[in-house]
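J.: Provided below for reference: sequence and predicted model.
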Amino acid sequence: MFMPLNKYFREYGGVYKLSFAPVPQATFYVLSDPHAIKHVLKESPNDFDKGLLSEILEPILGKGLIPADPETWRQRRPVIQPGFHMRWLERMTMTFNECASIMIDKLEGEADAGNLVDMEGMFNSVSLDIIGKAVFNYEFGSVTRESPVIKAAYACLKEAEHRSTFLLPYWNVPFLGQGKFSVVPRQREFAAHLEVLNDTLDTIIQKAKSLKNEDDLEALERRDYKSIQDPSLLRFLVDLRGGDCNDKQLRDDLMTLLVAGHETTGSLLTWTAFELAQNPAEMRKVQEEVDRVLGGRNPTMDDIKKLEYTRLVLAEGLRLYPQPPILLRRALKETKLPVAHSGSHEDQASSDMQPSGVSISPGANIFISVWNLHRNPKLWDNPDSFDPSRWLRPQPATNGHSSWAGYTPRKDMGLYPNENDANYGYIPFGGGQRKCVGDQFAMQEAVVILSKLFQRFDIELAGSPEEVGMSTGATIHSKNGLMIRLKKRNV
């Protein structure tokens, strides 16, 4: 869907409207302008909710953080966010290395046999294994085996994607899409898989609660996560004093973290590898840095901070292939967007900005096109080119957007250039109060996996880029898999 939206964006500018009926609920405002997007995400977030996204994903994710209504979100975010604290993230680096090492061993065997490898499937498997251990201390082991639980997890992930892109909710119609009695085979199969996964999560939750060791937040943050048997987020949520919630809410939290933490990271690694396979000079820069910083050992948290170019390669992967490519919101009240940049059909000689801001009625839907924003030629030089070094130099506002403040790299930019550095011209993890809670986790995970891959291998596409193709669900996938030829490095 985001490709036609990009075509219209080039013609009609940073804010335009798609109307399918003369009512707000059938109206979609497509935002590709940093000012308009900042207004929705940061400046007036309480004027919007998740809208269609909540309705579509509620049967799968319930009231987890992503689709949660504002009231539930205000209750759960302060409980979940502290779980991503520094000691825990440091412990997770060990988990990243453990799971990535299993992947590397499998790749060694494939390389020795001369086999082509679908790296998209491999990245998705290792990210599922990581999120299983990190979130609820469950061993999926999907890199090396299959199981009914793994099959159920993937089926639920695929259904979440299906519903996020199928805007007519037929699954809410009695007998057509509800549960095991649906007349639609896809929905019957989904109901069976969801039951398997829910039963598994219920068992995990009950076990965690039976071993509850309640403590206050400060004590939990001081725990020695390197030595405890269960360092998962579920353990943190169960043990946190004052963080009480029922089993249903815990299940929704876990399911949301599973979906959000698996698909996004797997897709980021897939498309970053896709670009590096076509840009050997950039791949060599990553390998030189990895060799210099790591010297053949596993990366630690301190090493991740030193692997600057590797992180910028991933940041560029997120610019070209944002995960997800579209964010959804719905207006709760009358609101007016700030003036946005114009498109090619307007008189560029008179102004590079649209003549006035856009008023949005309550109930209208918002498509924040992250794909358009990140490839906006009025913001970025050579926006369709893979250029990780762009994040090392300023990007002044000289491309035709007179009021955008540009991008300024900081000496200490953290793990990635963020939305504030780019004045909302780049929002790899969203922005504002509902920004992704797991951004640091995701970047550290991706750095570890990518660095371990390039310690051992050179990669090249087995076919043409066109053969890889592109399809989308909640995230951007290849159409035919990312088939890679591996070559073992002599290091």
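T.: Perfect, thanks for sending it.
J.: please make it C-alpha for all contacts and neighbour counts, starting now.
T.: OK.
J.: how close does P338 sit to L31?
T.: 11 Å (CA to CA, to the nearest Å).
J.: and for T472?
T.: Relative to L31, and taking CA to CA, T472 is found at 19 Å.
J.: now do P4
T.: Using CA to CA, P4 is found at 13 Å from L31.
J.: more neighbours, those two?
T.: L31 (28 against 8; other CA atoms under 10 Å).
J.: hmm, the more buried one is touching G14, no?
T.: Yes. The criterion here is CA atoms under 8 Å, and L31 meets it with G14 at 5.8 Å.
J.: show the pLDDT at I228.
T.: Here, the pLDDT recorded for I228 equals 92.
J.: tell me the SS of it?
T.: Look at I228: counting by DSSP: H, G, I helix; E, B strand; the rest coil, its state is coil.
J.: how many neighbours does it have?
T.: Look at I228: counted by other CA under 10 Å, it has 9 neighbours.
J.: one more: R390?
T.: R390 is flanked by 16 other residues according to other CA under 10 Å.
J.: also Q249?
T.: Residues lying near Q249 (other CA under 10 Å) number 17.
J.: same question for P78.
T.: So P78, with other CA under 10 Å, has 11 neighbours.
J.: low-confidence stretches in the stretch 101-250 of the chain?
T.: Where the stretch 101-250 of the chain drops to pLDDT under 70, the residues are 164-165, 167, 175-179.
J.: now do 80
T.: 153-154, 157-158, 160-183, 243-244 (pLDDT under 80).
J.: what about the host helix or strand of I130, distance to the chain center?
T.: Using DSSP states H and E, I130 sits within helix 119-136. Averaging C-alpha positions (CA atoms, centre = their mean, to the nearest Å) puts helix 119-136 13 Å from its chain's average.
J.: CA atoms only: put it into CSV for me.
T.: Only the C-alpha atoms of helix 119-136 are listed here, as CSV (Å, rounded to 0.1, in the frame of the first residue of the first chain):
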residue,chain,number,x,y,z
MET,A,119,18.8,-15.2,5.2
GLU,A,120,15.3,-13.6,5.7
GLY,A,121,14.2,-16.9,7.2
MET,A,122,17.4,-17.2,9.2
PHE,A,123,17.1,-13.7,10.6
ASN,A,124,13.4,-14.2,11.5
SER,A,125,14.3,-17.4,13.3
VAL,A,126,17.1,-16.0,15.4
SER,A,127,15.0,-13.0,16.3
LEU,A,128,12.1,-15.2,17.4
ASP,A,129,14.5,-17.3,19.6
ILE,A,130,15.9,-14.1,21.2
ILE,A,131,12.5,-12.6,21.9
GLY,A,132,11.2,-15.8,23.4
LYS,A,133,14.1,-15.9,25.9
ALA,A,134,14.1,-12.2,26.6
VAL,A,135,10.4,-11.7,27.0
PHE,A,136,9.1,-14.9,28.7
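J.: who touches that helix?
T.: With contact meaning CA atoms under 8 Å, 6 or more residues apart in numbering, helix 119-136 is reached by 92, 95-96, 99-100, 103, 138-143, 204, 231-235, 254, 257-258, 261-263, 265-267, 269-270, 478, 481-484.
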